[in-house]
Each structure stands twice: as C-alpha cells, then as structure tokens.
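>>> sequence unavailable; structure follows:
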C-alpha cells in the first residue's frame, strides 16, 4: 500500500490501543484451528481468561464475535419463551440487554435507573418473585459507571446472575465466582488491550445445566461450543466452526502480558490513571458526569461545558493530535464526552497528553 | 514470548496461509471503529467484496464473525415460522444449513444428494411448489465438489436463492447478480487468503425488502447492520457494534492484493494448481473422491489408499514437513483426505511440495 499509515491515540470508549505483545502475535505465522499448537494456544487463552474472570468455570472461552455477540450468547443460552429476565438498566448496554432478551423470547422485566448512577441491587433483586435470570452491567461503557455486582449476587436467590464485564475485564477487580456471577461476557478491545473481535465468556456448571437445550442460535450454542474448546475434558476437540486463529493468538499474547505484569499491578495502573484524569478534568473546571463513588477508572465521563461544540472539539483533537475521545451515548451524545484510559493507555503520560490536548481544543475549537 | 514460532504449510480445508499484505495489515496501528479513516477502509473492503461477489448490491459487507455466522445471518434474516426453506444437501455444510434454518423456525425441505456429487438443480427447484428460500452450497468444503448455481438461479422462480460461497470466493468464478443469487455468505480464510474471523456477505435489495423484520438475532440483524456500513447511503454511520477493526484492515489489504493481481489471473492460478495437484495424485495411483467434471480446484478430495492409516499420514506430514492437510468430513473422516490450495498457496511450488511430501508420508507412515 502506498497510503501512509496513521497512528491514533485511542482514548475513546474502545477500541483502545493494544499491548505490543498482542499486536505482534497478529503477525505470527497462522495455525490451523485443529493444530495441536493452536489447541495449546486456545487452552492458554481459556486459562488466562479464567484468571481475569476470577473463576474456575471449565466453560470459559473466547467466543468468535465481538462483545455484542457475547451478550447474545448469554441470553439465547439462558432464556426462552416463558422465562423471566430481570434487567437492570442504567445505560445503553442495559437497554440493549432488554432487546436481546426479548428477541430470545424472554419476558423482560426492565428496572430503570438514572443514567450516570449505579444500579440499586435491592430494587433489581425484588423486581420479580421468580426470574430465571437477573442481568446487569458491571461497568457501563455508555455512562462510565461502576455497579456493585457482589451485592446483587448476594440477593439473587435462585436466579442466574448474568453480567456484562466489557469495560471492566483486565482492568478492574472482577471475581465471578466470589460474587456469584453465573454467566459473564466481555470484550477484548478495552482494558484487555487486544483488538476487537472476540468475546471472553464464562458460564458456571450450574448455569450450563439450566441452559436452553436447543437455542435459536447455532453459532452461539454453548452445548456445541464446549467440545470446540475441550471444556468437556481431555485434548479431544469437536469441529464446530473455524476459530479466528489470529485473534485467538493475539488474545493469548495479551493475556500473557497482563498476567505477567500481575492483575493487582494492572488494576492499580488503571485506578491511578483514571483518578489522575478525573482530578485533572475537575481542576480544569469541568464537571464529571458519573456519580462520585461509582466512577470507572477505565472510562471517564465528563460534561461538555456550556457553549462548547462537542463535535468541534473531537474533530480538533483528531486532526491536531491524532487523538480520539468519544461522544456521549444516547441523549447525552452532544453534552458528554467519554475518555477511556485502558490497557496500555492506562498510564501517567496518557493523563498529561489528554488533559493538555483537551485544554487546547476547548480553547481553540 | 520465549516460545519459538512455528510456520505451517496450510494445505487443509482452511484456514490457508494468508497473503503477506493481509498479514502486514494486522500489525498496522489500530483505528477507532468510527474514525473517518476506518470508514474509508470499510468502504474499500465492501467495494472489493462487491467485485469478488460479482454484485452491485449496496448491502455487501464483512459480518463480524466467521463463515458460520454468515450462514446464520443468511437464514435468520430470510426465514421464520411458516416459511419453507428448500435446502440442497450434498455435504456437511448443506446439513448444517438445514439445522440453522430449523432453528430460525423454517419448515425445512431437505433434498439429499450423494456426497461427492454436485446438486441436481431441477430436483432441488421442484422439491416444493412455493418455498421462500432455496439454499445451496456453491463449493462444498466437506467433499470438494462444485455445483452449478447459475442453473439453480434460472429455475428458482419466486424463491430467494441463498448460497454458501465459503470455498469459492476469491478463487473461483462467482457472479452473484448474473446467476440470481439473492443472499450469499462466505469466509475469509480460504481462497481470499485472509485469517478467519469475518463473513463476507451480500443481499440484494429485493431480498432485503422481503427480509424478516424482527429477526431473532440482534447481532446479525441486517436491518440494523445496514447503517453500520452506510449501506443506506452517505458517509453517516450508525453505531451497532464495535467492528473488528484489525480484521477489517486485513481484509481490505487482502482484497487490494487479489484485485491488483486481477480476478481472472487469480482464478487461473487456482485452476492450474488444482488441476496439477489432481493429475499428480492420480499419477501416484490415488483415486479422487469428487466426481469428474465437478472437482473444485481450490479443495481436492482424494481417497486414502487401502491399508493406509489416514491419521498417521497426517501426523507424519505435520511433524516432518510442518504441513497440514485435512481429514475427510463426516463418515469419510478416515477414508478421504482434503487438500486445499487456496489464496497464496495456489501455485506450482505447492503442488510439488504436497505431492512429494504425501508420497513419502504414505511410504513411511
């Protein structure tokens, strides 16, 4: 190609820039999806994901689609006609959960919360006497809000707890087994620092036993996918679909990188960068959107100052600094910015860069 | 990573080795999925796919999953309860089509053919008086057989013609508009010479008008995906899901490579390599599995000689030559080999390498 390549500083809600180890692995020689070397790599990725999820679930694997495919897999395998799904909604991805659950045939009980605030576990848990599933978003990408999943887990009763961890996995504490998460899905392109295209997924044995036996999706049927990653035990694999081998190699390398640094260190790095960014934004006189005490370190939401054109600022950042931040979601599209510091971008240099660039952009745009 | 990397000669049914341009693009700086530069890249990929499909369909795009996700998208958007889907079956992927159509709620009329032979267009077209969809596989990956889709297109009547082009796209003649294909899906990891992970997809305006309005899959809902790639016109994009940006960059680069060489030249290269391989295998005294006149150049099926252990030969090839060929599919798992010469591997050196290695493996294994 004669077109010059452009490097972007990716500080939007995702994708983030990737760990160099994850990028390098994309260029490695490709392997067949049934090659013993690939099976080792897939096993390594699944084991790494277990550590990031905080689970011992045998059925922990990267699904062959983006985070939204993970959401769809979570619902089509757990609810069908006649099943009640209680969904906690405090942002766009809660809304999407309701839509995906409806298409799976579930009776959806939607529990709305103000956007920018965390979910209320007691209100969610008491919304229906006998739901099959209670669903919630751990880290709402649309609002930058963290919710208390452990508290919801203590109140779930016989329901299966289904959790979106797209913007928390690999950067925030995530303890699926301790918190009582039965089914979880995530993405690779946020704190994990790997390109988008896979959905880290986990399901407990108990939830697997209670799954929909003949789900409407063949591609995302967990009953068939267990054999694909050898979750039934042994090294024998069943052909289901051709694994996206380059993406799995990249994920395995990214997980090695994160686990090599240490989960505690990685989480501390995200926490420090997020806090410094949030303090810096407030020092500039800006107002944060997410409620204090529930702010994600990985993704900060900040209100666009009165009289400032949100889109003009973002265009200025892209053109002058090759730097991307995100617009707000839904009704906050032009009144909120979303600034991610995820994966390799969670560091002090990012904080200085974003604050300086944003200051200039607001003044000049 | 301190583990040494292993290069494999990938002569199985897919993935194939990739074009160097497609590999290089995986390592390029990542772009945001709403970045103007990424939108240009996606537009380029969609336009390249139109040329490979032989279509002017506005809704031609890479779906964010593997070829099997493409199959699922094709059915969930075209059939639901009360709709009849006639499915031509002459191999594993026809069988899978029946299963996916059933899960979409369709009444499936399965028209079986002997594995190893092409479909009979007249028998398929007359199997039901009023199907909504007639589905067939252009190039059966499980048997190495090419079927006459143009003939089926002439007989389809009011039905929508739904075609699997996974093992033909980018290597064999494919003329969706001329042949009357209404809905088509494919994969990237065969003749296209790009890593697995995307499903090249096309749907005509007429088929889009007759689509299922509220499909059971949110992830694969073509009504929502049109805005995602700007198929509704203009440069405006609607957020649906985060595109797998690295894979799309790789696909765009792979398509540039193929179109730069020229489709006629690429097809001639696949035809020559396939023919030379098939002649060479017969010269070695081996018997081909697919019927003469319907043999795919991209994927050759050959019978395992009596007394030879299929798995031992494949293991020998892998260990001594780092060379992968495929086992047979279904009941032919241990009696047939599948040898792909696809993408960059469709060349005279591959023929010499595979024939020489196989000869030694049969003698020694």
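Happy to help now that I have it. Worth saying up front: this structure is predicted, and the values here are computed from it rather than measured. Numbers count the residues shown, from 1 in each chain, chains lettered A, B, ... in the order given.

>>> pretty sure residue A:200 sits against residue A:66.
No - using C-beta atoms under 8 Å, residue A:200 is not in contact with residue A:66, being 11.1 Å away. All C-beta spots, glycine's among them, are computed from the backbone N, C-alpha and C.

>>> chain center to the lowest-mean-pLDDT helix or strand in chain A, what's the gap?
When each helix and strand of chain A is scored by mean pLDDT, DSSP states H and E, helix A:222-228 comes last, with a mean of 87. Computed by C-alpha atoms, centre = their mean, to the nearest Å, the chain-centroid distance of helix A:222-228 equals 22 Å.

>>> for the residue nearest the centre of chain A, grab phi and psi.
Against the mean C-alpha coordinate of chain A, by C-alpha atoms, centre = their mean, the closest residue is residue A:166 at 0.8 Å. When read as degrees, to the nearest 10, the backbone of residue A:166 gives phi -60, psi -40.

>>> give me the common contacts of residue A:200 and residue A:66.
Common contacts of residue A:200 and residue A:66 (C-beta atoms under 8 Å, 6 or more residues apart in numbering or on different chains): residue A:187.

>>> and those two? which has more neighbours close in?
Taking other C-beta atoms under 10 Å in any protein chain shown, residue A:200 and residue A:66 do not tie; residue A:200 has more neighbours (30 against 25).

>>> which residue, other than its chain neighbours, is closest to the more buried one?
residue A:186 (4.4 Å; C-beta to C-beta, 6 or more residues apart in numbering or on different chains).

>>> ok, now which ones touch the one you found?
Counted by C-beta under 8 Å, 6+ apart, residue A:186 has contacts A:53, A:67, A:70, A:164, A:165, A:166, A:168, A:169, A:192, A:199, A:200, A:201.

>>> could you flag which of these are buried?
Buried by 16 or more other C-beta atoms under 10 Å in any protein chain shown: A:53, A:67, A:70, A:164, A:165, A:166, A:168, A:169, A:192, A:199, A:200, A:201, out of the contacts of residue A:186.

>>> in this structure the third one contacts residue A:187, no?
Yes - contact between residue A:70 and residue A:187 holds when scored by C-beta under 8 Å: they sit 7.1 Å apart.

>>> what about the helices in the stretch 251-365 of chain A?
A:263-283, A:310-321, A:348-364 (DSSP state H, counting those that start in this stretch).

>>> show me which residues of the stretch 251-365 of chain A sit near chain B.
Taking C-beta under 8 Å from any C-beta of the partner chain as the criterion, the stretch 251-365 of chain A approaches chain B at residues A:253, A:256, A:318, A:324.

>>> returning to what we had before: put together CSV for the helices of the stretch 251-365 of chain A, with mean neighbour count on each row.
Below are those laid out as CSV (neighbours: other C-beta atoms under 10 Å in any protein chain shown):
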stretch, mean neighbour count
helix A:263-283, 18
helix A:310-321, 17
helix A:348-364, 17
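
>>> closest one to residue B:149 among the ones you listed?
Nearest to residue B:149, of all those, is helix A:310-321, at 44.5 Å by C-beta to C-beta.

>>> just checking, residue A:127 touches residue A:113?
No - Residue A:127 is not in contact with residue A:113 according to C-beta under 8 Å; the separation is 11.6 Å.

>>> which one's more surrounded, these two?
residue A:113 (20 against 16).

>>> what sits closest to the more buried one if chain neighbours are left out?
Nearest residue to residue A:113 in three dimensions, chain neighbours excluded: residue A:90, at 4.0 Å (C-beta to C-beta, 6+ apart).

>>> which residues are in contact with the one you found?
So residue A:90 contacts A:112-119, A:137, A:140, A:143, A:145, A:147 (C-beta under 8 Å, 6+ apart).

>>> check residue A:163 too.
Here residue A:163 is in contact with A:135, A:136, A:137, A:138, A:149, A:176, A:181, A:183, A:184, A:185 (C-beta under 8 Å, 6+ apart).

>>> where do the strands of the stretch 151-300 of chain A begin and end?
Per DSSP state E, counting those that start in this stretch, the stretch 151-300 of chain A carries strands over the ranges A:160-164, A:183-185, A:199-203, A:299-303.

>>> so what are the sheet partners of the first one and their directions?
Spelled out, that is strand A:160-164. Using DSSP bridges, strand A:160-164 pairs in its sheet with strand A:133-137 (parallel), strand A:183-185 (parallel).

>>> where does the prediction get shaky in chain A?
Applying pLDDT under 70 to chain A flags the ranges A:1-3, A:232-235.

>>> outline the domain layout of it.
A:9-15+A:262-364, A:20-260 (automatic domain parsing).

>>> could the ones you listed go into TSV alongside distance to residue B:22?
Below are these laid out as TSV (distance: least, C-beta to C-beta, whole Å):
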stretch	distance to residue B:22
domain A:9-15+A:262-364	19
domain A:20-260	10
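
>>> which one of the ones you listed has the most crowded surroundings?
domain A:20-260 (a mean of 22; mean count of other C-beta atoms under 10 Å in any protein chain shown).

>>> next one: it to chain centre, how far?
9 Å.

>>> please identify which helix or strand holds residue A:42.
Element membership of residue A:42 [criterion: DSSP states H and E] is helix A:36-53.

>>> check what contacts that helix and list those residues.
A:31-32, A:56-57, A:60-62, A:165, A:169-170, A:174, A:176, A:181, A:184, A:186, A:192, A:200, A:202, A:229-230, A:235, A:237, A:243, A:245, A:248-249, A:251-252, A:255-256, A:258-259, A:263, B:6, B:8, B:318.

>>> circling back to that earlier point, out of the domains of chain A, nearest to residue B:282?
Among these, domain A:20-260 sits nearest to residue B:282 (C-beta to C-beta), with 25.8 Å.

>>> what about that closest one, start to end distance?
Start-to-end span of domain A:20-260 (C-alpha to C-alpha, to the nearest Å) is 14 Å.

>>> give me phi/psi at the residue of the stretch 201-350 of chain A found nearest chain B?
In the stretch 201-350 of chain A, the residue that lies nearest chain B is residue A:244 (3.4 Å; C-beta to the nearest C-beta). Main-chain dihedrals, residue A:244, degrees, to the nearest 10: phi -70, psi 80.

>>> out of everything not next to it in sequence, what's closest to it?
Closest to residue A:244 by C-beta to C-beta, 6+ apart is residue B:197, at 3.4 Å.

>>> and that neighbour, what is it in contact with?
With C-beta under 8 Å, 6+ apart, residue B:197 has these contacts: A:64, A:197, A:244, A:246, A:247, B:65, B:66, B:188, B:189, B:244, B:247.

>>> list just the nearest of those residues to residue B:352.
Distances from residue B:352 to the contacts of residue B:197, taken by C-beta to C-beta, are shortest for residue B:189, at 23.7 Å.

>>> surely that closest one and residue A:241 touch.
No - applying C-beta under 8 Å, one finds residue B:189 not in contact with residue A:241, separated by 10.9 Å.

>>> which residues are common contacts for the two?
B:66, B:67.

>>> what residues does the stretch 51-200 of chain A put near chain B?
Residues of the stretch 51-200 of chain A lying near chain B (C-beta under 8 Å from any C-beta): A:64-69, A:71-72, A:76, A:96, A:99-100, A:103-104, A:187, A:189, A:195-197.

>>> let's see 6 Å
Residues of the stretch 51-200 of chain A found near chain B (C-beta under 6 Å from any C-beta of the partner chain) are A:64, A:65, A:66, A:68, A:69, A:72, A:99, A:100, A:103, A:195, A:196, A:197.
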